[in-house]
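In: Sequence and computational prediction follow.
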Amino acid sequence: MSEKLCRLVTLGCKVNQYETQLVLEALEKNGFREALDDENADLCVVNTCTVTSNADSRSRQVIRQLAKQNPGTKTLVMGCYATRDPNAIGLLPSVFEVVTDKRELPDVLARHGIVDMPSGISRFEGRRRAYVKVQDGCILRCTYCIIPQVRPGLRSRSPEEIEAEVRRLIQNGYQEIIITGVHVGHYGVDTSRRRLGQERFRLPHLLRKLDRIPGDWRMRLSSIEAAEVDEEFIAAAADCEHLCPQFHPALQSGSDTVLQRMRRRYSVKSFLDKLDRMREVLDNPAFSTDVIVGFPGETDAEFEETLETCRQSAFMKIHLFPFSPRKGTPAADYSDQIHGTVRQERMARLEQLEREMAEQFYASLLGRPLEVMVETESTRAGWVCGTDRHYVPVELPGTCDDIGRMCYGLATRTTRQFLEADRVEQTRSRPSAQSDGQSLSIQSFG
C-alpha cells in the first residue's frame, strides 16, 4: 500500500496550534506522514482563525494556495472561521469536509478511516516549548469578540489527563510547558458545577498539581483575566516553583468608559490593584497584555487614559490590535467607528510607550541570574538567543548544541531588543517566588 501524505497549516492562537498537533498525531497513528516541500499531499488540514477580518482572509488564502500546490488533494477545514462561516469555506477549492464543532472531530476523522484518536499529544512539531490545552470555550459576552459564538460553553479536561500529558512531554525533552485554553481562568468552572458536594478543582489547584511533577522544567500560563486574579491564584503562583513569574492579564482598554462599552468585568483601579498585589507577593513579576486601539467611540481623552494606565501597569510587552468589527457582535454595529488613520496614530504612540517600558523592565533584571530557554543561534557568532522565565529575550554565549535546552546567565547589559548575559553554570535550584532573585550560586562558564 502506498504511503499517505498530509500537510497541516495552523492560523491563530496557541489553542489552535495544540489542536493541529493533536490531529497530526492522530494521522500519524493511522499511517500518514507529513509531506516534504516537494511532495504532493493526499490530505491537507487547515485550522482557521476568525478573531479579525484579516484572519478570515488569510484562512481563505491558505486554502486556495494548498489546493494549487497540491493538485488532487482533499482539504479538511476546522477552526473558528470554519465554525462561523462553513458555507463560505465549503465553496473553496479542494475542500471536502468542514468541521464546525471540534467536539465532532473524532467522528469526522473516523468517517475517513482515521479511527485511533489520541487523548493528548506527545510532542510539539517544530517548537522548543509545548502547549497544553486545559480547557475550551468562553461564556463571556464582550461586545467586540466573536469567540464565544464559535467556541461556546465551557469544557475542562480532567486533571489526570492533563498531568499525564505534561509528564509525557517532559519525558520527551520539553523543558517549557505553556498552559493554555480559550479562557484558562475558567478552568474547572464546568466540572465544579457538575460535582456538587465534591471538592472544587480550579486553575490554582491544577497549577499546584502540575508543579509537583519533578524535573528540570518550567511552566508558563498563557493568559489570565484580571477578574480571576484572586488571593487563591496569587498564593498558588507564589508557591509553584516551576511556574514562570510572567502573566498576561488582558487590559483591552485603560479607560473605564471604554471598558464599560466593551462589557469587560473590571475597572481600571481594580486592574491596577491586582497587578500591585501580585508585585507585593511575587519577586519582580513581568506583565504583558492585549490592548484594542480605536474601539468605537474612543475619544482622544479616553486614549490618553489608556496610555496612562499602561504606564502605571509597567507592562513588559503589549500586543496591540486595531479594532476589527466582527459581524454578529454588538460593537460591529456601533455608529461611531474610528477612522483608520486615527487608529494607526494611536498604535504608533502605544508602540513607542511599549518600547520604553520594555527597556525599563529589562533593566530591572541587570545583575540577576537568568534561566534561558535557548531557541535559535544569534546573528553574532558564538552567541544564542532565547527567553528567560520573565519571557524577556536574552542573548548569551553558546552554540547550536544549546538549542532546545535550558541555559543560565547573568544579565549584564540591556538593548532596545533584548538582554545580554554572561554565561554561567547553575549549581543550586532556582530562587523562590519571594526571594531577592540572587539565591542562585553561579560560577563563570568556560
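Out: Alright, I've got the coordinates. Numbering: from 1, shown residues only.
In: Just the C-alpha atoms of stretch 74-94, please, in CSV.
Out: The C-alpha trace of stretch 74-94 is given here as CSV (Å, rounded to 0.1, in the frame of the first residue of the first chain):
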residue,chain,number,x,y,z
LYS,A,74,-8.6,16.8,-0.2
THR,A,75,-8.7,19.6,2.3
LEU,A,76,-10.3,19.3,5.7
VAL,A,77,-11.0,22.7,7.3
MET,A,78,-11.5,23.2,11.0
GLY,A,79,-11.2,26.1,13.5
CYS,A,80,-13.2,29.2,14.4
TYR,A,81,-13.7,30.6,10.9
ALA,A,82,-15.0,27.2,9.7
THR,A,83,-17.5,27.3,12.6
ARG,A,84,-18.6,30.8,11.9
ASP,A,85,-19.0,30.6,8.1
PRO,A,86,-18.9,26.9,6.9
ASN,A,87,-20.8,27.8,3.7
ALA,A,88,-18.1,30.2,2.5
ILE,A,89,-15.4,27.6,3.4
GLY,A,90,-17.2,24.8,1.6
LEU,A,91,-17.1,26.7,-1.7
LEU,A,92,-13.3,26.9,-1.7
PRO,A,93,-11.3,24.6,-4.0
SER,A,94,-10.4,21.1,-2.7
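In: So which bits of it are buried?
Out: For stretch 74-94, burial by neighbour count (16 or more other Cβ atoms under 10 Å) applies to 74-85, 89, 92, 94. Where you see a C-beta, it was placed from the backbone N, CA and C, and this is true even at glycine.
In: Sort out for me which of those are in strands.
Out: In strands, defined here by DSSP state E, the members of the buried residues of stretch 74-94 are 74-79.
In: Need the contact partners of the helix or strand where C6 lies.
Out: Per DSSP states H and E, C6 falls inside strand 4-10. Here strand 4-10 makes contact (Cβ atoms under 8 Å, 6 or more residues apart in numbering) with 16-17, 20, 23-24, 27, 31-35, 39-47, 62, 66, 70, 73.
In: I'd like to know which of these are buried.
Out: Counted by 16+ other Cβ under 10 Å, the contacts of strand 4-10 give 16-17, 20, 23-24, 27, 32, 35, 41-47, 62, 66, 70, 73 as buried.
In: Now, these that are in strands?
Out: 32, 43-47.
In: Throw those residues into CSV and include pLDDT and distance to V374, thanks.
Out: Output for these, formatted as CSV (pLDDT from 0 to 100; distance: Cβ to Cβ, whole Å):
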residue, pLDDT, distance to V374
F32, 95, 31
L43, 96, 34
C44, 97, 33
V45, 97, 30
V46, 98, 31
N47, 97, 28
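In: Next secondary structure element downstream of the helix or strand containing F321?
Out: Using DSSP H and E, F321 sits within strand 317-322. Note on strand 317-322: by DSSP H and E, the next helix or strand toward the C-terminus is helix 340-364.
In: what packs against that following helix?
Out: strand 286-293, helix 300-313, strand 317-322, strand 406-414 (3 or more Cβ pairs under 8 Å, 6 or more residues apart in numbering; DSSP states H and E).
In: contacting residues around I338?
Out: 294-298, 323.
In: Just the buried ones out of these, please.
Out: 294-296, 298, 323.
In: In TSV, list those along with pLDDT.
Out: As requested, the buried ones among the contacts of I338 are arranged in TSV below (pLDDT from 0 to 100):
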residue	pLDDT
G294	97
F295	98
P296	97
E298	98
F323	95
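In: Of the residues you listed, just say which sits nearest to G185.
Out: When the buried ones among the contacts of I338 are ranked by distance to G185 (Cβ to Cβ), F295 comes first, at 22.3 Å.
In: What's the mean pLDDT across the helix or strand where V394 lies?
Out: Using DSSP H and E, V394 falls within strand 393-397. Computed over strand 393-397, the mean pLDDT rounds to 97.
In: what sits up against that strand?
Out: 370, 372, 378, 380, 382-388, 407, 409, 411, 417-423, 445-446.
In: swap the cut-off to 10 Å and go again
Out: Strand 393-397 is contacted from outside by 317, 358, 362, 365, 370-375, 378-380, 382-388, 402, 407-413, 415, 417-424, 445-446, using Cβ atoms under 10 Å, 6 or more residues apart in numbering.
In: Could you list the paired strands of it along with their orientation?
Out: With DSSP bridges as the test, strand 393-397 is paired with strand 383-387 (antiparallel), strand 419-426 (parallel).
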